[in-house]
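S.K.: Have a look; sequence and predicted model below, questions after that.
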Amino acid sequence: MIKNNLKKRLKSQPDILEVTSLATGSFASVFKVEQRQSQSRQTQIVRCLSKVTKPYILRRETELLEYLNQYPEFVHLNETRKIAKHSVQFFDHHGDFSLRRYVAKFGPLNGSDSLKLLSNILTSLEKLHAIKMVHTDIKPPNIIVGQERFYLIDFTQTTFSKPTYETEQMVGDDRYCPPERMNGQYDIKSDLYSLGQTLFFALTGQHIFELTGGESEWEKLYANAFFNPQNLQLLSNDWQMLILWMTQKAPEKRPSLEELKQWLNDKTVPEWLQTLDLENQLNQAYQNRFATNCLQALCDAGYDYANFCYANQIKKAQPEKAYDLFKQGARNHYSRSTNNLALMYEEGVFVKQSWEKARKLYAQALKKQNPFAAYNLGLIYKTGLDTPKNGKLAFKLFSFAASRGNASAQVALAEAYLKGDTPRKVKKPKKRAKFWLKLAANQGNQSAIKRLTSLKKTKSAKG
């Protein structure tokens with residue numbers, strides 16, 4: 001239904017002549033279109049984004065794509081437009097097949113094409129990493145097989161290469177998730193881990209841990225934390241060594257971009273890898289087994305994301321245990337745990353209620369750009385709890401959180417516009433309020449839905 005509606009809307013555009021669906025998703029759908037341009041027709045790839053709830057993320061991606069337009073290694077963004085409720089991006093067409101679809105249809109890549117794949121993606125990553133950004137979502141569907149080269153696509157999750165709330169979020173396909181991300185860490189070598197897994201898929205048509213996608217979130221993450229690569233014997237010795245190197249669990253043991261470029265020339269690997277017992281590695285891979293409780297196993301291993309989720313599960317039944325887990329995460333500067341620890345102080349759950357401690361912990365989480373902490377801190381400054389009221393700062397914090405998708409902050413920002421409670425007078429405050437309410441409503445926020453209904457009734461009553 002979504003695909004058909006989008007297809008109709010694209011066809012209704014006066015410059016679109018033909019539309020072919022390539023992929024459909026809950027967030028983005030991709031089409032190939034024939035577009036009329038002056039006296040000619042041009043094939044383009046159109047990406048339609050539905051239910052955009054994070055304006056900052058979309059703006060950052062657009063600015064990045066426009067910056068990358070200067071490099072031929074990237075698919076050129078030609079135009080963005082709004083069609084109904086959808087943000088639509090028009091790109092050059094370089095091929096219909098992602099690496100995943102290509103391998104499914106034609107089989108694994110040969111050695112020379114795999115070398116080309118590695119070389120091409122390294123060149124793209126070099127440009128991206130030079131501006132201190134990381135892709136964070138490298139996987140077979142996000143690589144296009146073009147006539148001349150392979151293209152890395154989908155920069156929605158691309159972020160700055162420093163630990164922030166964004167690197168703490170588990171987004172994308174967990175089958176390709178580097179284990180350090182469960183501690184909120186993600187840098188250049190994390191991209192290379194996912195690229196190593198993608199290379200293995202390109203060479204074999206299989207996932208490196210034989211994951212199908214049907215596993216639970218915790219099984220996928222457990223495999224990345226503890227499993228050894230499967231079926232390395234399918235590869236030549238050079239590829240075995242490279243894949244093992246790129247997919248090391250510890251980031252410091254993985255190669256750098258420069259070392260990978262050197263490998264392309266002479267297949268050089270570090271001495272510790274040359275002396276590795278490959279037969280033993282293969283035997284260990286055969287022993288890959290999921291734990292009875294993968295979440296608990298990851299908690300026992302000290303992963304912050306696992307502890308955070310487990311603490312949320314047991315907060316009501318075992319508040320003391322939840323408090324200890326949140327506190328442990330806060331000590332590790334894991335902002336999601338820090339924010340929830342602040343909530344316990346705010347609500348007086350297990351601990352003595354303290355607005356002062358809550359405020360300080362929210363401020364600590366905000367240093368890592370946590371939008372939930374920004375919203376919660378904004379409420380404190382708006383109401384003047386434990387601190388003098390500061391409406392200007394509250395508005396700024398709500399704006400920060402709202403632009404990053406916090407639905408409660410979007411509602412709070414909308415109410416500020418409707419009530420004229422803004423630092424300075426703005427044009428069309430009701431229109432701005434509706435914009436934020438619609439974003440919150442797209443996330444199912446009931447307050448936003450009710451407020452929009454109320455505004456609609458008010459408009460109808462006035463005729």
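M.R.: Nice, I can see it.
S.K.: ok, which stretches of the stretch 251-400 of the chain are helices?
M.R.: 257-266, 271-274, 278-285, 294-300, 304-314, 319-331, 335-347, 355-366, 371-383, 391-403 (DSSP state H, counting those that start in this stretch).
S.K.: buried residues in the first one?
M.R.: When you say that, I think you mean helix 257-266. Using 16 or more other Cβ atoms under 10 Å as the test for burial, helix 257-266 gives 257, 260, 263. C-beta: built from backbone N, CA, C; applies to glycine.
S.K.: same deal with the last one?
M.R.: Counting neighbours by 16+ other Cβ under 10 Å, one finds that the buried residues in helix 391-403 are 393-395, 397-403.
S.K.: give me phi/psi at Asp173?
M.R.: phi -90, psi 110 (degrees, to the nearest 10).
S.K.: Tell me how the protein divides into domains.
M.R.: 2-92, 99-290, 390-463 (automatic domain parsing).
S.K.: need these in a markdown table with mean pLDDT and distance to Gln313, can you?
M.R.: Formatted as a markdown table, the domains of the chain follow (pLDDT from 0 to 100; distance: least, Cβ to Cβ, whole Å):
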| stretch | mean pLDDT | distance to Gln313 |
| --- | --- | --- |
| domain 2-92 | 93 | 25 |
| domain 99-290 | 95 | 12 |
| domain 390-463 | 94 | 21 |
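S.K.: closest one to Tyr310 among the ones you listed?
M.R.: domain 99-290 (10.1 Å; Cβ to Cβ).
S.K.: For stretch 212-219, list the C-alpha coordinates in CSV.
M.R.: Extracted C-alpha coordinates of stretch 212-219, given in CSV (Å, rounded to 0.1, in the frame of the first residue of the first chain):
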residue,chain,number,x,y,z
THR,A,212,20.1,-15.1,8.7
GLY,A,213,18.4,-12.0,10.0
GLY,A,214,15.8,-14.1,11.8
GLU,A,215,17.7,-14.1,15.1
SER,A,216,16.7,-11.9,18.0
GLU,A,217,18.5,-8.6,18.6
TRP,A,218,20.5,-10.1,21.5
GLU,A,219,21.5,-13.1,19.5
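S.K.: Quick one: residues in contact with that stretch.
M.R.: With contacts defined as Cβ atoms under 8 Å, 6 or more residues apart in numbering, stretch 212-219 is touched by 170, 173-175, 211, 223, 290, 294-295, 298, 306.
S.K.: Identify, from those residues, the entry nearest to Ile153.
M.R.: Nearest to Ile153 among those, with distances taken as Cβ to Cβ, is Asp173, at 14.3 Å.
S.K.: now that closest one: how far from Ile143?
M.R.: The gap separating Asp173 from Ile143 is 13 Å, by Cβ to Cβ, to the nearest Å.
S.K.: same deal with Arg41?
M.R.: Distance from Arg41 to Ile143, by Cβ to Cβ: 27 Å.
S.K.: So these two - more neighbours on which side?
M.R.: Using other Cβ atoms under 10 Å as the criterion, Arg41 and Ile143 rank with Ile143 on top: 26 against 12.
S.K.: Skipping adjacent residues, who's closest to Leu455 in space?
M.R.: Spatial nearest neighbour of Leu455, excluding adjacent residues (Cβ to Cβ, 6 or more residues apart in numbering): Lys434 at 6.9 Å.
S.K.: How much space separates that neighbour from Gly25?
M.R.: The gap separating Lys434 from Gly25 is 27 Å, by Cβ to Cβ.
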